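Colleague: Sequence plus the predicted model coming up.
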Number of protein chains: 2
Amino acid sequence: MTDHAKQTEASAGEPIVLIVDDDPSMRRALTNLFQSVGLKVQAFSSAAEIMEAKPPAVPSCLVLDIRLPGSSGLDLQADLAKANIHTPIIFITGHGDIPMTVRAMKSGAVDFLTKPVRDQDMLDAVQAAIERDRKRRDAEKSISGVRSRFEGLTARERDVLALVASGLMNKQVAAELGLAEITVKIYRGQIMRKMGAKSLADLVRMTDALGIPRNRGHLQT
Amino acid sequence: MTDHAKQTEASAGEPIVLIVDDDPSMRRALTNLFQSVGLKVQAFSSAAEIMEAKPPAVPSCLVLDIRLPGSSGLDLQADLAKANIHTPIIFITGHGDIPMTVRAMKSGAVDFLTKPVRDQDMLDAVQAAIERDRKRRDAEKSISGVRSRFEGLTARERDVLALVASGLMNKQVAAELGLAEITVKIYRGQIMRKMGAKSLADLVRMTDALGIPRNRGHLQT
DNA sequence: CTACGGCACAAACCTACGTATAGCTCGCAC
DNA sequence: GTGCGAGCTATACGTAGGTTTGTGCCGTAG
């Protein structure tokens, strides 16, 4: 098996590190550091610049100076969150303070390093961040297929799905929706086919992954 | 309905704030602050002292000076984690640094406040921490019943449960375990009774909550 | 020894599930 | 209008799920 095959089967190859720093010498130093361990790098000099770029399609992380021209690193973090971009962020700072650190960590930063940054610390942080992003992407991918199949269901099929996944019997679903039992059975079969579920257990897990509310069926104490 | 009834129905009443600080005046000030908003308080002067006390049975949080006699606050945090005590921790510090902050937050601290601490900041942090603990306790409680019922299953019943929850048909389970189909059916019925599951959907969710590995049945892309 | 619980199976029986075939109405697009 | 898909139902048939009753083996606790 080739390296390429191994990568696509996991979660798309060639991780990339995105750097945002207004100091050219810092950008160069970081770029060299990451390239020395075989990581791809893309460097930006401002928050605005990276917001215009399209989000990467491979596992990646952001290395971000907290003090940036214009908006601060924390603002960029908030903007990315609002844009639904969840690339893990590693902050570096020359003279940050504790409240700033707390805010960044609470907002999901993976690390917060102080200058001068030890090379090994940075590489460890990037390693962890990319691994986290890879996991997030894998999870995202595994439900995106389910979600798109769910979109392909008709309104009635979704009604039936919700009740069936709640653990109701066909006849109960029928009563709930004012249908004949046979109708429910037929929809149920269509649902299984459209969703690609090979068993009821599959279907239940899909609905849970999609966050579909349950009408009945609880885990009681 | 009485207040008491309302509390027990949610997740046990009267939250409590645990304070660990070697400075008596600080303990007094924090105690007064929390009591002024109607919170129960218990104060300790050292890490060793609180480790001997039994963990509280109500939603609670820890307010912890990072510099303590003997072990540091971070050590106490690690010890509590090792002892499987997940009470949320709020650190306060007079002269902490950023690496210390990062380490504490990475280990799950909910906040990290610098002296002098603004009363409102402290109250907000405690409020959030207690809310988090309440949620954790609710989640814990909801699976503890399931877990104890699972303990009551025989070895064979657990084998069958794992395969049934994977979505296998009775005959497939039987083949997998080298049993007759009728035997699987009987175990299956016993499992449903013992686990208190009213439907297969229930059972699937219970096994997922318990983290029981699946032999077959995946959400494919 | 005896009692008990876990494990395993069988016959009989009933209910629930699932599909195929066929037919109906309604609304919408061409 | 004609065709199409969604929605709904019916008859019929086969398979899967589930319980009851009864049998037997084994190991262990009393």
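Modeller: Thanks, I have it. Residues are numbered from 1 along each chain as shown, chains lettered A, B, ... in the order given.
Colleague: So for the closest residue to DNA strand C within chain A, what's the pLDDT?
Modeller: As assessed by C-beta to the nearest atom of the strand, DNA strand C sits closest to residue A:189 within chain A, at 2.3 Å. (C-beta placed from N, C-alpha, C; glycine too.) As summarised for this prediction, residue A:189 has a pLDDT of 93.
Colleague: what's the neighbour count on the residue of chain A found nearest DNA strand D?
Modeller: Across chain A, the shortest distance to DNA strand D (C-beta to the nearest atom of the strand) belongs to residue A:154, at 2.6 Å. For residue A:154, the tally of surrounding residues (other C-beta atoms under 10 Å in any protein chain shown) stands at 12.
Colleague: same deal with the one 3 residues further on?
Modeller: Burial of residue A:157, expressed as a neighbour count using other C-beta under 10 Å, amounts to 17.
Colleague: How much space separates it from chain B?
Modeller: Distance, residue A:157 to chain B, by C-beta to the nearest C-beta, to the nearest Å: 17 Å.
Colleague: Quick check: residues of chain A near chain B?
Modeller: Taking C-beta under 8 Å from any C-beta of the partner chain as the criterion, chain A approaches chain B at residues A:93, A:96-99, A:101-102, A:105-106, A:111-112, A:114, A:141-146, A:164-169, A:196, A:198-202, A:204-206, A:208-209, A:217, A:219-221.
Colleague: Narrow those residues to those that are buried.
Modeller: The neighbour-count criterion (16 or more other C-beta atoms under 10 Å in any protein chain shown) marks A:93, A:96, A:98, A:101-102, A:105, A:111-112, A:114, A:143, A:146, A:164-168, A:199-202, A:204-206, A:217 among the residues of chain A next to chain B as buried.
Colleague: Give me the pLDDT for the nearest residue to residue A:79 once chain neighbours are set aside.
Modeller: Nearest non-adjacent residue to residue A:79, counting by C-beta to C-beta, 6 or more residues apart in numbering or on different chains: residue A:51, 6.5 Å away. According to the predicted model, the pLDDT of residue A:51 comes to 90.
Colleague: Buried residues in the helix or strand harbouring residue A:51, which are they?
Modeller: Assigned by DSSP states H and E, residue A:51 falls within helix A:47-52. With burial defined by 16+ other C-beta under 10 Å, the residues of helix A:47-52 counted as buried are A:47, A:50, A:51.
Colleague: and what of stretch A:71-80?
Modeller: Here stretch A:71-80 shows A:72, A:73, A:74, A:76, A:77, A:80 as buried, counting by 16+ other C-beta under 10 Å.
Colleague: measure the one residue sitting closest to the centre of chain A to residue A:122 for me?
Modeller: The centre of chain A sits closest to residue A:136, judged by C-alpha atoms, centre = their mean, with a distance of 4.1 Å. Relative to residue A:122, residue A:136 is positioned 21 Å away (C-beta to C-beta, to the nearest Å).
Colleague: so residue A:106 touches residue B:104, yeah?
Modeller: No. Residue A:106 is not in contact with residue B:104 according to C-beta atoms under 8 Å; the separation is 11.9 Å.
Colleague: Identify the contacts common to the two.
Modeller: With C-beta atoms under 8 Å, 6 or more residues apart in numbering or on different chains applied, the contact sets of residue A:106 and residue B:104 do not overlap.
Colleague: Identify the residues contacting the residue of chain A most remote from its centre.
Modeller: Of all residues in chain A, residue A:180 sits farthest from the chain's C-alpha centroid, using C-alpha atoms, centre = their mean; the distance is 41.4 Å. Contacts for residue A:180 were tallied using C-beta under 8 Å, 6+ apart; they are residue A:174.
Colleague: same thing with residue A:90?
Modeller: Contact criterion C-beta under 8 Å, 6+ apart gives A:61-64, A:109-113, A:122, A:125-126, A:129 as the residues in contact with residue A:90.
Colleague: Many thanks, have a good one.
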